[in-house]
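S.K.: Predicted model and sequence below, questions to follow.
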Amino acid sequence: MVEVLRRGTRHRIICPSCDSLLAYWEKDIEYKADYQLENPRYIECPVCGADITVPPEREANRNDDT
Ligand SMILES: [Zn+2]
């Protein structure tokens with residue numbers, strides 16, 4: 001059985017605006033002030049400045065397992 005000694009906390013996402021491949025950590029995530037949003041989590045693309053919605057924490061971790 002494979003044992004996880006340390007779960008990675010880096011996430012990867014492709015900017016839908018400029019197609020850049022980005023790496024980000026939980027600390028990079030910002031939250032939009034609009035409380036009506038189901039998922040207010042986002043990062044700002046350092047290449048084109050677009051706001052990129054990122055998955056909820058649990059989902060993001062699952063994506064990292066692949
Ligand atoms: Zn971008």
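M.R.: Arrived safely, thanks for sending. These numbers come from a predicted model, not from an experiment.

S.K.: use CA for all of it now, contacts and neighbours both
M.R.: OK.

S.K.: Identify each of the strands in this protein and give its residue range.
M.R.: Counting by DSSP state E, the chain has these strands, from start to end: 10-14, 21-25, 30-31, 41-44, 51-53.

S.K.: Reformat the ones you listed as a markdown table; add mean neighbour count and mean pLDDT.
M.R.: As requested, the strands of the chain are arranged in a markdown table below (neighbours: other C-alpha atoms under 10 Å; pLDDT from 0 to 100):
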| stretch | mean neighbour count | mean pLDDT |
| --- | --- | --- |
| strand 10-14 | 15 | 95 |
| strand 21-25 | 13 | 97 |
| strand 30-31 | 14 | 94 |
| strand 41-44 | 19 | 96 |
| strand 51-53 | 18 | 96 |
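
S.K.: can you list those strands in TSV and add distance to Met1?
M.R.: TSV is the format used below for the strands of the chain (distance: least, C-alpha to C-alpha, whole Å):
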stretch	distance to Met1
strand 10-14	23
strand 21-25	28
strand 30-31	36
strand 41-44	34
strand 51-53	34
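
S.K.: so what's Leu50 closest to, chain neighbours aside?
M.R.: Careful, residue 50 is Ala and not Leu. Residue nearest to Ala50 in three dimensions, not counting chain neighbours: Glu44, with 5.7 Å by C-alpha to C-alpha, 6 or more residues apart in numbering.

S.K.: Quick check: closest non-adjacent residue to Ala23.
M.R.: According to C-alpha to C-alpha, 6+ apart, the nearest residue to Ala23 is Arg12 (4.5 Å).

S.K.: cool, Cys48 as well?
M.R.: Closest residue to Cys48 apart from its sequence neighbours, by C-alpha to C-alpha, 6+ apart: Cys18 at 6.5 Å.

S.K.: got the contact list for the residue nearest to Ala23?
M.R.: Leu21, Leu22, Ala23, Tyr24, Asp64 (C-alpha atoms under 8 Å, 6 or more residues apart in numbering).
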